[in-house]
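>>> okay, sequence plus prediction incoming.
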Amino acid sequence: MTISSKIAIVSVVSVLTLVITSCSGTNVQIVRIPFISPVVVPDLNAPHEMLMNLGVQNYSTSKNSPPVWLEIHSEYGVAPQGGPFPCSHDDWISVGGLNPGQGWGLPDYRIDRLPPGQQGQCQCLQNACPGHLWATLHVAPNYPPILPGPGTNLHVNWASDGDLKGETVTDCSAPPTPIPPACQ
């Protein structure tokens with residue numbers, strides 16, 4: 001690939017990113033409704049795996065959103081004192097484009113989405129799986145910039161027993177000062 005081709009590709013990607021983020025930055029958000037989205041709770045059926053429900057909404061009344069991707073990065077399991085969580089997982093899920101006022105839902109998403117063979121050591125079950133996750137919105141998979149605007153970068157800390165009173169959700173899109181530890 002020639003240098004001029006690389007420059008042209010970078011220019012096109014930059015322009016597309018500006019267009020997409022300016023159109024969707026303040027309209028497409030992760031839904032925050034207590035006890036509905038985002039929540040991490042145990043499955044009602046044994047073995048009571050921890051599941052997440054999450055929604056995304058286009059809050060515009062007149063503009064369609066461009067295609068959007070949801071990144072979920074989870075870290076969980078019983079960590080050694082002061083140490084990192086022993087299990088983690090990254091996932092990219094296509095939300096697609098949303099019409100004005102349209103929502104999209106991700107029900108019963110398993111926190112321990114690991115390949116077969118690894119799930120035994122990193123299974124996330126009620127009363128044995130403290131952890132947290134980041135849910136972020138992007139213009140493309142594996143594309144680092146998070147869409148600008150509120151509700152595009154949430155940190156969720158769940159209670160290992162699944163009690164929603166112990167869950168905290170922090171909007172890291174525009175954190176208050178000082179920046180909460182969950183957003184650092």
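That came through, no problem. All figures in this text were calculated on a predicted structure; none of them were measured in a lab.

>>> list the contacts of H138.
H138 sits next to V68, W69, L70, E71, W92, P144, P145, I146, L147 when contact means CB atoms under 8 Å, 6 or more residues apart in numbering. Using the backbone N, CA and C atoms, a C-beta is placed for each residue, glycine as well.

>>> looking at it, L137 is touching P67, isn't it?
No. Checked against CB atoms under 8 Å, the pair L137 and P67 is beyond contact range at 10.9 Å.

>>> for the residue nearest the centre of the chain, list each beta-bridge partner.
Residue closest to the average C-alpha location in the chain (CA atoms, centre = their mean): A135, at 1.5 Å. For A135, the beta-bridge partners are I72, L154 (DSSP bridges).

>>> low pLDDT regions in this structure?
1-26, 115-120 (pLDDT under 70).

>>> hey, where'd the helices end up in it?
Under the criterion DSSP state H, the chain contains helices at 3-24.

>>> which stretches of this structure form strands?
All strands of the chain, identified by DSSP state E, fall at 28-30, 39-42, 50-58, 68-76, 87-96, 103-110, 131-138, 153-158, 168-171.

>>> which residues does the second one contact?
Spelled out, it's strand 39-42. 48-53, 111, 125-126, 133, 156, 158, 161-162, 164, 167.

>>> buried subset of those, written for ChimeraX?
A single ChimeraX command selects the buried members of the contacts of strand 39-42 (16 or more other CB atoms under 10 Å):
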select :48,49,50,51,52,53,111,125,126,133,156,158,162,167
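
>>> closest to G103 among the contacts of strand 39-42?
Nearest to G103 among those is N53, at 12.4 Å by CB to CB.

>>> got a list of what the closest one touches?
I36, S37, P38, V39, V41, G105, L106, P107, D108, Y109.

>>> what bridges to the residue nearest to R113 when sequence neighbours are not counted?
Once flanking residues are discounted, R113 sits nearest to H89: 5.6 Å by CB to CB, 6 or more residues apart in numbering. H89 has these beta-bridge partners by DSSP bridges: S74.
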